[in-house]
Every structure is written in structure tokens, then in C-alpha cells.
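Visitor: only geometry, no sequence info:
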């Protein structure tokens, strides 16, 4: 049994879902572990991780719209507003989704379902560089 | 230290919580590992995992009602509607709950609290066969 | 590769976020593992775990206010009300946040980002003693 650690960086250009499945699978594949456990950790409080359908792009539009309504931006609603009206909603959206995902690895790859994709969910309007730490344990 | 992998299948009959604690504990018990780490991965984007009180059945009714209100079904609200009015809400409810759970194992069993139960949360109306991959690492 | 298990107890005094980063890091540091995987499991269904900004205290007020609005207390809304009007909202808020967090360990510590703090999120009004199981695997 051995471990590997790696950090991937995602350059975001505003709110939305950014596909990371390919980058994650590529790194896992290079480690040459048939069976194991993969963990993704997003090192931020205004961007998060999510698993979503990877097929129909309208799903992403519906997600964006849903979260804008559930956690609205506002210039008056939040006490924490020094970093702009999109900052506190970004923290709340992060809390409601995931900072971390842990996925079994079988046959050298994460056991994602056919329609499952891994995404970084950016909650800020401005471009950011987001770090996701990958940890793989296996043999 | 060694690893075990297994897939359990849950046949659902419409929306709601389906108890999986017994099936999960039975499999973990068979692996004969005193100490370890158990991971559950749900291979779908319209069903999810959750931990809930296992005692009072009215809790499940309240959960159902809450999620219907928080993420309503609609024939007009969502752009992604090819698979019916319950499909996009299913994706959103999955995002707001969990695709994955990782639980320490002590004394041969997951360290669930007295009132904690593990559930598959089905978000579609029609019957489905849901796969949950179990990964156990320990000794 | 070896494992360590430990339980920390947090005494809460009503709803809110309780910082646990220091206690978690202290225990991890004592285990003397340079590289590994840390898992936190909260053994309750009316308190949860979350990762949040550790800098500005107003963030916590906004979080409290947001969750009171998203999952309101009510004497009439919920069927499950034997334990008071804050009990069923506590279960729902737990479902919407996290019972578990798994974090890669590098250089002997969890790879938290600069602004990330770990918190127990208490959802009940009355004081409680909350158990969080820590599991560390590494070398």
C-alpha cells in the first residue's frame, strides 16, 4: 500500500461549473494503482466541488439559476460584505455543496457512474486560481 | 493493511429514504477488519446518500416535504426537462446532499452514533436500481 | 502505513459554529505521520461539520441568519416535533451540511487553505456534548 499527493490548479473565469474529471483521471491513471481510495480537497471557502451529470449543458444553466435564487447576492442582506456582494453567497454555496470528495478506485480509475462528472464550482465573479489537492492511497 | 471492494444494489420504488445501514454493516462485519476506513460512493446523479435519525418515521415525511418545497418539481422552471419534471430537481437535491460518505471503523463496525442511520435518498418517481460502491481499508 | 483513532468532545452552548481546527491539528501533529488521510465523523443528527472562513466573525452571523431563513423553526410545520421546534430543523440543517470530512495530510498537517477553518455546527438551542471521531491513516 502506498500514497501519492498532487495539486491541480483550475483557472476560473467567473461563476460556474468547471469540469475536472479528465485531469483527475489522468493523474490517477499515472499512479498505476489498481485498487485504492482517491480524495479531492478544495482549498477555498468560495469555490467548491460537486458531482453532476456530464451530458446535457442545460443542467449547468439550471444549477446556476437555482443557486442564484437559493442564496441571492445582495448589497444589504449580509454583514460580511467587504469583498463584494458575491462573497458571502459564495461562502454559503460552498457550505451547501462540497469541499471534499472521496472516491473508491477500481481497475485503476475512480468508480464514477456513466453520467457522473467531477466539477469545480466557482462562486465568485472575478477570475481565480483554485487549488485542489488530490490524495491517492492504494496498491 | 488491506482493501475490500463491494457493490450493493438498492431497488427503489419512487422518492424517499431507503435504509442501507444493515446491508453496509453486514458486509463490513464479514471483512474481519477491526480498525479501518469505510467509503460509500453512489454512482448516480439523481439519487444520493444521507445520514439521518433512524428512530421516528415522521422525520422522513418532514424531509420529503422540505425538499419538495426547497427544490420544487416544475414543468416550466428548468431548461433540462427531457426526462420529466422530477429529473432536474433530482440533480439539485443530489448536489445538496451527498454522493459519498466516509466513516471510520472501530471494533469491526462503522462508528455511527446511536441515532444515526445510513440512507439512500431516491429523488426520482419511477423505480430504479441504484448502485453503491463500498470500499474498506483497514486491518 | 498505520492508523490512529481518537474522539474529541465539543461542549456546545446553543446554536452556532464552534472552531475545532486547533484541537484537530494538535492531535494530528502528535501522531507523527508526514503523509496521510484524516477523516472526521460527527456522531449526531442534529449537529454537523463545516469548513468556513476563519477570519471575519460576521461570516458566522450571516451563516446563522441564512440557515434560520432556509430551514425555519416552527411549532406547526413539522410532524416530528416531540423534541421541540428546533429539532427537525436541526436534522435538515445537518443533511444540508456535513457529517463527515476527509482531508489529505501533507507535512504532518491537514492541507487546509489559508482561510479555511474546521467547525462543529451546533443546531440545537440547549447545551450538548458532541462527539467527533478522528481517524488518521498514513506514514
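Guide: Everything's here; your move. Note that the structure is predicted; figures quoted are calculated from it, not measured.
Visitor: Thought residue A:75 was touching residue A:88, still the case?
Guide: No. Residue A:88 is beyond contact range of residue A:75, at 10.7 Å (criterion: CB atoms under 8 Å). The way it works is simple: take the backbone N, C-alpha and C, and place the C-beta from them, glycine included.
Visitor: between the two, who's got more neighbours?
Guide: More crowded of residue A:88 and residue A:75, by other CB atoms under 10 Å in any protein chain shown: residue A:88, with 27 against 8.
Visitor: and the more buried one, that one's in a helix?
Guide: Yes. According to DSSP: H, G, I helix; E, B strand; the rest coil, residue A:88 belongs to a helix.
Visitor: give me every residue that touches the closest residue to it other than its chain neighbours.
Guide: Of all residues not flanking residue A:88 in the chain, residue A:78 sits nearest, at 3.9 Å (CB to CB, 6 or more residues apart in numbering or on different chains). Residues in contact with residue A:78, defined by CB atoms under 8 Å, 6 or more residues apart in numbering or on different chains, are A:85, A:88-89, C:58, C:62.
Visitor: Could I get the buried residue list for stretch A:38-57?
Guide: Neighbour counts over stretch A:38-57 (16 or more other CB atoms under 10 Å in any protein chain shown) mark A:38-54, A:56 as buried.
Visitor: ditto for stretch A:19-30
Guide: A:20, A:23-25, A:27-28.
Visitor: just how off-centre is it within its chain?
Guide: The chain centre lies 13 Å from the centre of stretch A:19-30; the measure is CA atoms, centre = their mean, to the nearest Å.
Visitor: Might one say that residue A:54 is in contact with residue A:21?
Guide: Yes. At 7.0 Å, residue A:54 and residue A:21 qualify as touching, with contact defined as CB under 8 Å.
Visitor: returning to that earlier point: reformat the buried residues of stretch A:19-30 as CSV; add secondary structure and distance to chain C.
Guide: Formatted as CSV, the buried residues of stretch A:19-30 follow (DSSP: H, G, I helix; E, B strand; the rest coil; distance: CB to the nearest CB, whole Å):
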residue, secondary structure, distance to chain C
A:20, coil, 16
A:23, helix, 17
A:24, helix, 14
A:25, helix, 18
A:27, helix, 13
A:28, helix, 14
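Visitor: and the lengthiest helix in chain A, what other elements does it pack with?
Guide: Across chain A, the longest stretch assigned as helix under DSSP state H is helix A:58-70. Contact analysis of helix A:58-70 by 3 or more CB pairs under 8 Å, 6 or more residues apart in numbering or on different chains; DSSP states H and E lists strand A:16-19, strand A:47-53, helix B:87-96 as its packing neighbours.
Visitor: Starting from the following helix or strand past the longest one, tell me which strands it pairs with and how they run.
Guide: Okay, so that is helix B:87-96. Per DSSP states H and E, helix B:87-96 leads on to strand B:100-106 as the next helix or strand towards the C-terminus. The strands beside strand B:100-106 in its sheet (DSSP bridges) come out as strand B:36-42 (antiparallel), strand B:109-110 (antiparallel).
Visitor: Those strands into JSON lines, with extra columns for mean pLDDT?
Guide: What follows is the strands paired with strand B:100-106, written out as JSON lines (pLDDT from 0 to 100):
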{"stretch": "strand B:36-42", "mean pLDDT": "98"}
{"stretch": "strand B:109-110", "mean pLDDT": "98"}
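Visitor: Tell me which of the ones you listed sits nearest to residue B:136.
Guide: Nearest to residue B:136, of all the strands paired with strand B:100-106, is strand B:36-42, at 5.2 Å by CB to CB.
Visitor: Just want the angle from the closest one to strand A:47-53.
Guide: On the basis of axes from the mean of the first three to the mean of the last three CA atoms, to 10 degrees, strand B:36-42 is oriented at 60 degrees to strand A:47-53.
Visitor: distance between strand B:36-42 and the chain's centre?
Guide: Taking CA atoms, centre = their mean, the mean C-alpha location of strand B:36-42 is offset from the chain mean by 12 Å.
Visitor: got a list of contacts for that strand?
Guide: The contact list for strand B:36-42, computed with CB under 8 Å, 6+ apart, reads A:37, A:102-104, A:111, B:24, B:28, B:48-49, B:98-105, B:110, B:118, B:120, B:130-139, C:3, C:37, C:39, C:135, C:137.
Visitor: Figure out which of the strands paired with strand B:100-106 is closest to residue C:68.
Guide: For residue C:68, the closest of these is strand B:36-42, at 29.9 Å, according to CB to CB.
Visitor: ok, back up a step: give me the common contacts of residue A:88 and residue A:75.
Guide: The contact lists of residue A:88 and residue A:75 share residue A:81, where a contact means CB under 8 Å, 6+ apart.
Visitor: quick one on the thing from earlier: how about TSV for the helices and strands packed on helix A:58-70, with mean pLDDT added?
Guide: Listed next are those as TSV, based on pLDDT from 0 to 100:
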stretch	mean pLDDT
strand A:16-19	96
strand A:47-53	96
helix B:87-96	97
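Visitor: Adding distance to residue B:67, write those out as TSV.
Guide: Output for the helices and strands packed on helix A:58-70, formatted as TSV (distance: least, CB to CB, whole Å):
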stretch	distance to residue B:67
strand A:16-19	22
strand A:47-53	17
helix B:87-96	6
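Visitor: Ok, which of the ones you listed comes nearest residue A:93?
Guide: strand A:47-53 (6.8 Å).
Visitor: This completes my enquiry, with thanks.
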